[in-house]
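Undergrad: give the three-dimensional model of this entry:
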Amino acid sequence: MQSPEPQSFDRVLSSMCTEPHPAAREAAERFLATNPGDPATYDTVAALEERAVELLATVTDHPTPTEASGYVTGGGTEANLQAVRSARNRHPAADANVVAPESAHFSVHKAAEVLDVELRTVPVDDEYRADINAVAAAVDDATALVVGVAGTTEYGRVDPIPELGRIAHDAGAFLHVDAAWGGFLLPFTDHDWSFADAPVDTLTIDPHKCGRGVVPAGGLIAREPAALDALAVETPYLETRSQATLNGTRSGA
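TA: Now for the predicted structure:
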């Protein structure tokens with residue numbers, strides 16, 4: 001397959017990853033050698049992660065931030081992959097598919113390949129947002145997940161998230177919002193993109209972008225605990241008997 005021509009970066013000002021806050025840098029150095037893959041062993045780090053999830057849930061207008069499910073991932077790629085995996089595991093279809101706009105991050109393509117899930121990409125409209133009619137035409141009974149983007153990497157466009165949510169749920173699918181880049185900016189706009197604006201099931205938001213967290217730091221936030229439960233595997237030799245993360249072993253940083 002021939003690779004597309006490289007994108008022009010003439011108008012790019014800087015990296016979207018922000019300089020870590022001094023407190024984030026200090027915390028990262030302090031907990032560099034701890035492994036929150038077993039939260040029961042490092043309860044201080046586990047408590048910090050719970051607080052981080054609560055803050056991310058607050059930023060994204062989760063209905064009950066103190067009870068939100070989620071964890072700090074190794075970036076948006078992991079969060080998007082886990083969202084696809086959770087939807088696939090919860091959907092009854094044996095041949096589940098995912099519907100996403102062609103503007104979706106390439107991590108969604110990687111997730112579909114790794115998980116052996118059919119990815120159906122649909123066109124964007126004249127404003128580079130997901131074409132609602134195309135999405136509606138692409139979903140079927142085997143659609144496990146509809147993906148919307150809240151802040152595309154190239155143009156900062158926000159898909160019509162409430163409309164995508166209605167299409168997804170009418171089809172018996174889940175809705176995932178990739179707000180990896182836009183999650184820390186959109187609360188200061190009038191866009192509809194968050195848990196409060198639409199029936200969002202899972203959401204990606206990256207503290208290492210505009211949240212001044214250290215690299216790498218992504219976030220996966222779920223509306224219901226079932227989304228994380230669908231990711232859990234037994235971990236018999238750890239103090240914590242199951243975990244939902246992808247990496248297992250992680251840096252406390």
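Undergrad: what's around Thr58, how many residues?
TA: Per other CB atoms under 10 Å, the neighbour tally for Thr58 reads 14. Yep, even glycine has a C-beta here, placed from its N, CA and C like the rest.
Undergrad: surely it touches Thr64?
TA: No: assessed by CB atoms under 8 Å, Thr58 is found out of contact with Thr64, at 10.3 Å.
Undergrad: just the helices in the stretch 1-150 of the chain please.
TA: Under the criterion DSSP state H, counting those that start in this stretch, the stretch 1-150 of the chain contains helices at 22-30, 43-59, 76-90, 106-115, 132-138.
Undergrad: which one of those helices lies nearest to Cys210?
TA: Closest approach to Cys210 among those (CB to CB): helix 43-59, 10.4 Å.
Undergrad: how much does the closest one deviate in direction from helix 22-30?
TA: Counting by axes from the mean of the first three to the mean of the last three CA atoms, to 10 degrees, helix 43-59 lies at 150 degrees to helix 22-30.
Undergrad: elements contacting helix 43-59?
TA: strand 69-73, strand 218-222 (3 or more CB pairs under 8 Å, 6 or more residues apart in numbering; DSSP states H and E).
Undergrad: most tightly packed of these?
TA: Neighbour counts (mean count of other CB atoms under 10 Å) averaged over each of the helices and strands packed on helix 43-59 peak at strand 218-222, with a mean of 29.
Undergrad: neighbouring strands - and their directions - for that strand?
TA: strand 69-73 (antiparallel), strand 202-204 (antiparallel) (DSSP bridges).
Undergrad: as CSV, those with distance to Thr189 and mean pLDDT would be great.
TA: Output for the strands paired with strand 218-222, formatted as CSV (distance: least, CB to CB, whole Å; pLDDT from 0 to 100):
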stretch, distance to Thr189, mean pLDDT
strand 69-73, 23, 96
strand 202-204, 16, 98
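Undergrad: pick out the residue closest to the middle of this structure.
TA: Central residue of the chain (CA atoms, centre = their mean): Thr204, 2.3 Å from the mean position.
Undergrad: that one contacts Asn80, doesn't it?
TA: Yes: the criterion here is CB under 8 Å, and Thr204 meets it with Asn80 at 5.6 Å.
Undergrad: shared neighbours, these two?
TA: 176, 178, 180 (CB atoms under 8 Å, 6 or more residues apart in numbering).
Undergrad: which one of the residues you listed is nearest Cys210?
TA: Ala180 (10.0 Å).
Undergrad: quick one: contacts for the closest one?
TA: Ala180 makes contact with 75-76, 79-80, 105, 151, 204-206, 209, 218, according to CB under 8 Å, 6+ apart.
Undergrad: how about TSV for these, with distance to Ala27 added?
TA: Compiled in TSV, the contacts of Ala180 are given as follows (distance: CB to CB, whole Å):
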residue	distance to Ala27
Gly75	18
Gly76	21
Ala79	20
Asn80	25
His105	27
Gly151	26
Thr204	22
Ile205	19
Asp206	17
Lys209	18
Gly218	17
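Undergrad: give me the low-pLDDT residue ranges for this protein?
TA: Scanning the chain for pLDDT under 70 picks out the ranges 1-4, 6-14.
Undergrad: switch the helices of the stretch 1-150 of the chain over to JSON lines; also include distance to Phe188.
TA: Converted to JSON lines, the helices of the stretch 1-150 of the chain look like this (distance: least, CB to CB, whole Å):
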{"stretch": "helix 22-30", "distance to Phe188": "21"}
{"stretch": "helix 43-59", "distance to Phe188": "11"}
{"stretch": "helix 76-90", "distance to Phe188": "20"}
{"stretch": "helix 106-115", "distance to Phe188": "25"}
{"stretch": "helix 132-138", "distance to Phe188": "26"}
